[in-house]
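Colleague: Below are the sequence and a predicted model; questions follow.
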Amino acid sequence: MTSLSPAVVAAIDDLELAARLVVEGLRVGHHRSPFRGHGGEFTQHRPYRAGDDLKFLDWKLFGRSDRLFTRQFRETTNVAVMIVLDTSASMEFPDNDLSKFRYGCIIAAALAHLVSTQGNSVGLMTMTNDKLAYVPSRGGRPHLRSLIARIDKLTPGGEWNPPAVIARGAELLQRRGLVVVISDFYDHENETRRELRHVVQRGHDVAMLQLVSDAERVLPYKGQVEFEDLESGQRRLIDAGSIRSQYERNMRDFLERCRTGASRDGIDYALMSTDTPPEKALRDFLLRRSLSESSPHAFGAIEK
Amino acid sequence: MIWQNAWAFAGLVALALPVLIHMLSRKQAVVQKFPTLRFLDVSRLLPTRSPRLSDIPLLFVRLGILAMAILALAQPLWLSAARKRAFNSTITRAIVLDTSASMLRRSANGARAIDSARAHSAKLAAEAQASTVIQTASPGRALSGAIAWLATLDGRGEIAILSDFQLSSVDSASLASIPKQFGVHFIRNALVADDALASIATAASNVSVTTDSARTNAEWSLRVSADSAHSIPLFTDNAQRRDAELTADAALKVNSAQRADSARPVAIVFPDAAERVALLRDAKAPNAPWMADVIALINENELLTNAAAAVQQLKDTAITEPLVVVVRTPDGAPIVLAAPTQVNGKTRLAFFTRTAPGSFLSAALVAAVASATAQSSMISESDGSVLSDATLRYFERAPTDVAVGGQREASGSGSNYSDGRWFWALALALLVIETLMRRSAPRERVMEVA
């Protein structure tokens, strides 16, 4: 199977078409819902986490082992997914290629398409012009179309407040569900991580899809370069060649912090490069997620 | 290749300007929008000025433009053989020909130095655009006249001196007085192979002198020029006074331009002179260098030699030492002898002739003596010491193309001519390259990606 290259995907103006092409590439099969929740058929125990509903505690097991376990059941109803998309100006990079923002839109639309076609509900939470923009989590084809149209209308710019957006997105989910945050996670690093932890503690499943471009990872410039911050407009004149190694080290440390922090907080984490075909990046993410027994499967089966 | 305007090389200091500009100017940094600056190390920010040269290829092109322009301004001229010939034809040449006694001596090939010098001067004169030949027994004194003549003309002036370059011929002061724009060219004529003066001295030992006191004498003054009062006494019998006057008149016609040298007192004694015996009695061997010069000059005088060949009758056959034989007949008989003697209390070089005053030889002798005693250097012409080639080379130089009048003389065409146009063409080509490089600079400033 061949993947659509980022350039091809970027050339498709119709976001819905792009999302459908990406999703069709995943070859989603028909199957029973793999989502594990708290209603329906029991599937497994997992260690108790603060915030878990006490009614699902297995007291018999506690009596035998003196340890608290929460019972999990196969979800028999649709799962709610909230996609949180970063629209800050930093996402508008690289400016001469498939930007992180466009890449994130395609991933968000593909996920929405995937979730919706599985009979689950999907919503959108983002921030435009310093105001929260919200599309409630619902199912159905008309809703999917309006959601994708809404994503398509988003334009990156300014700064955003990820803790507020994430918190509000999780709060507006009608029930416990999946919160997918698509961002570069440059802003408010600690606050964002803390908020994601809170969302997890509230019982939601959380996935971090971190978008980076190759240019951000390797700083491929040379000579005197005056870097301008896309969000603040601040400028710094730098000899790119002399700073490259230090920059790459800083960048690696940052990405590593994001990865280990997510792992520690029980968050699914995927690093997606804009140079990787969205279809492949999405498939890798979903495959890894399907292999994880603790994650609710809202996306169906993925062909390996 | 010669550089006609070497001062233009002072402009080479201007080459420092582009270097300074490229060193001090800073390339405009490329603005690159970037998601975040948080990972860019602040301590690695660039200094406001970089000491390094920027745009080195462009710098070299700009240096090349300046260098080509400077070379063109220096007005280079490649001198090919053909161009040299054409270039030489623009020379205005003053030729100073040494006619001193030493130049009368013969060289190894038998030719007289003066003859080869004259031939050479004619060749030099023919090659020049304009020329004059100044014949002088004292080349050093003639230089001022040559300079004055050159100064009246445009073109590349050159003074050519043809001489044997005895020590007395030219001096450093005279040569140093030649203006820098005039070239100086020395042509040395071959050194004399046999010394005529030595042969004269050898011949003198073979003659004897007799006296005849039965005659009276008449002293007659020969005025050789209007502004010279120097006289050459002619001792003869009163009865032959008319003959002596005719002789003097004839001699005056031959040497009308000669100017007598008062430092060389001479006298001519005819056979019938009353003082002849007394003068012979007081005669001594020549003891001054100028005497040898005068004797040598008279010995080489063609007119006198021809006259001697026609002599039929001789008087005073017995001649004794210390007289020096100056002229002989074709059969070897001494006909004119010389020796310093006391005339009215003053030492004169007396020439004792054995022909009557009215003879052709007598007239030739008076003319020859007048010529030989004309103004010339007092330094002995018989001195074999000459100026070294190294000394002459020190003063020798090529003429510049700038004449006294400031006009620039060109090779061939007569216009301002140089090969600088090729350097201008190169500078123009480099300028085009520089423009292209400069125009392409914005494209280069688009973000460079490693």
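Modeller: It's in. Numbers count the residues shown, from 1 in each chain, chains lettered A, B, ... in the order given.
Colleague: In the stretch 51-200 of chain A, which residue sits closest to chain B?
Modeller: A:Ser90 (3.8 Å; Cβ to the nearest Cβ). To be clear about C-beta, it is placed using only N, CA and C from the backbone, and glycine gets the same treatment.
Colleague: Can you classify that residue by secondary structure?
Modeller: helix (DSSP: H, G, I helix; E, B strand; the rest coil).
Colleague: any idea how far B:Asp249 is from the closest residue to it other than its chain neighbours?
Modeller: Nearest residue to A:Ser90, sequence neighbours excluded (Cβ to Cβ, 6 or more residues apart in numbering or on different chains): B:Pro35, at 3.8 Å. In this structure, B:Pro35 and B:Asp249 are 123 Å apart, going by Cβ to Cβ, to the nearest Å.
Colleague: who's more crowded, those two?
Modeller: B:Pro35 (24 against 12; other Cβ atoms under 10 Å in any protein chain shown).
Colleague: Tell me if I'm right that that one and A:Ala215 touch.
Modeller: No: judged on Cβ atoms under 8 Å, B:Pro35 makes no contact with A:Ala215 at a distance of 9.2 Å.
Colleague: sorry, back to before: dump the residue contacts of the residue nearest to A:Ser90.
Modeller: A:Ser90, A:Met91, A:Phe93, A:Lys100, A:Asp184, A:Tyr186, A:Glu216, A:Asp229, A:Leu230, A:Glu231 (Cβ atoms under 8 Å, 6 or more residues apart in numbering or on different chains).
Colleague: got it, and A:His45?
Modeller: A:Asp58, A:Leu61, A:Phe69, A:Thr70, A:Arg71, A:Gln72.
Colleague: Show me what it is bridged to.
Modeller: A:Arg71 (DSSP bridges).
Colleague: gap between it and B:Leu234?
Modeller: 164 Å.
Colleague: What are the phi and psi values at B:Val96?
Modeller: phi -100, psi 120 (degrees, to the nearest 10).
Colleague: Is it in contact with B:Ser138, as I believe?
Modeller: No: judged on Cβ under 8 Å, B:Val96 makes no contact with B:Ser138 at a distance of 9.6 Å.
Colleague: and the two? which has more neighbours close in?
Modeller: With neighbours defined as other Cβ under 10 Å, B:Val96 and B:Ser138 compare such that B:Val96 has more, 26 against 20.
Colleague: quick revisit: which of the contacts of B:Pro35 are the two that sit furthest away from each other?
Modeller: A:Lys100 and A:Asp229 (15.0 Å; Cβ to Cβ).
Colleague: who's more crowded, these two?
Modeller: A count of neighbours by other Cβ under 10 Å puts A:Lys100 above the other of A:Lys100 and A:Asp229, at 28 against 18.
Colleague: Low-confidence bits of chain A, can you list those?
Modeller: The model of chain A has pLDDT under 70 over residues A:1-5, A:7-13, A:25-41, A:74-78, A:292-304.
Colleague: so where do the helices sit in the stretch 51-200 of chain A?
Modeller: A:59-65, A:100-117, A:141-153, A:162-172, A:189-201 (DSSP state H, counting those that start in this stretch).
Colleague: what's the burial count for B:Ser172?
Modeller: Count around B:Ser172 with other Cβ under 10 Å applied: 12.
Colleague: Nearest residue to it in space, please, no chain neighbours.
Modeller: B:Phe395 (7.6 Å).
Colleague: residues contacting that neighbour?
Modeller: B:Ser172, B:Leu175, B:Ala176, B:Val184, B:Phe186.
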